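In: Compute the structure for the input listed below.
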Amino acid sequence: MKSFLLCINPLATAGKFLNIKTAAALSGLSAYTLRYYEDIGLLINIARNSSGHRDYSERDIVWIKFIQRLKATNMPLAKIRRFAVLRTKGDSTIKQRSEMLVEHRNVVCTQIEEMHRHLERIDEKIALCNKGGPLGDIKSA
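Out: Numbers count the residues shown, from 1 in each chain. Alright, predicted model coming up:
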């Protein structure tokens, strides 16, 4: 399975921390969104430097990208938050996290099936348009 790690030069970031501006650029999110994710409990235990500024690790960026994947597949924020909390508890919660992901995968599969049905109806409408036929018939609604 291909890793979805970001294209971060590991030699440049190994053991180093990234400021919020860099983390925002790497994740494609705004600094405001990163702060919001921390406020609502999606990002937990983000390191702070001696000035109190956030320091993001490469692991944090990978987690942020996974949050984006969960959001893009319509996982509710409350469930992502629950997953985030379980994640902080370590290996003892792997089974629970796996169950959550399997459940979410099933939801995503159902959404994909529904989208395929919608796409079929749209294709039918396109075909009718190309034939110059009526668009209001019940079968292709």
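
In: Helix or strand: which one has the closest residue to G28 other than its chain neighbours?
Out: Spatial nearest neighbour of G28, chain neighbours left out: Q68 (7.5 Å); criterion: CB to CB, 6 or more residues apart in numbering. For glycine as for every other residue, the C-beta is placed from the backbone atoms N, C-alpha and C. In this assignment (DSSP states H and E), Q68 forms part of helix 58-72.

In: my read is S51 is in a strand, agree?
Out: No. Using DSSP: H, G, I helix; E, B strand; the rest coil, the assignment for S51 is coil, not a strand.

In: rewinding a little: find me the pLDDT at the residue nearest to G28, would you?
Out: Q68 is assigned 97 on the pLDDT scale.

In: ok, it - contacts?
Out: Q68 sits next to S27, G28, L29 when contact means CB atoms under 8 Å, 6 or more residues apart in numbering.

In: Let me see the contact set for the closest residue to the first one other than its chain neighbours.
Out: Right, the one you point to is S27. Closest residue to S27 apart from its sequence neighbours, by CB to CB, 6+ apart: I64 at 4.6 Å. Applying CB under 8 Å, 6+ apart to I64 gives the contacts A23, S27, L29, L34, Y37, L43, Y56.

In: Next one: the third one relative to I126, how far apart?
Out: Put plainly, it is L29. Remark: distance between L29 and I126 (CB to CB, to the nearest Å) = 36 Å.

In: Tell me which stretches of this structure form strands.
Out: Using DSSP state E, the strands of the chain run over residues 47-48, 54-55.

In: Please report how far T33 lies from V102.
Out: Taking CB to CB, one finds T33 at 28 Å from V102.
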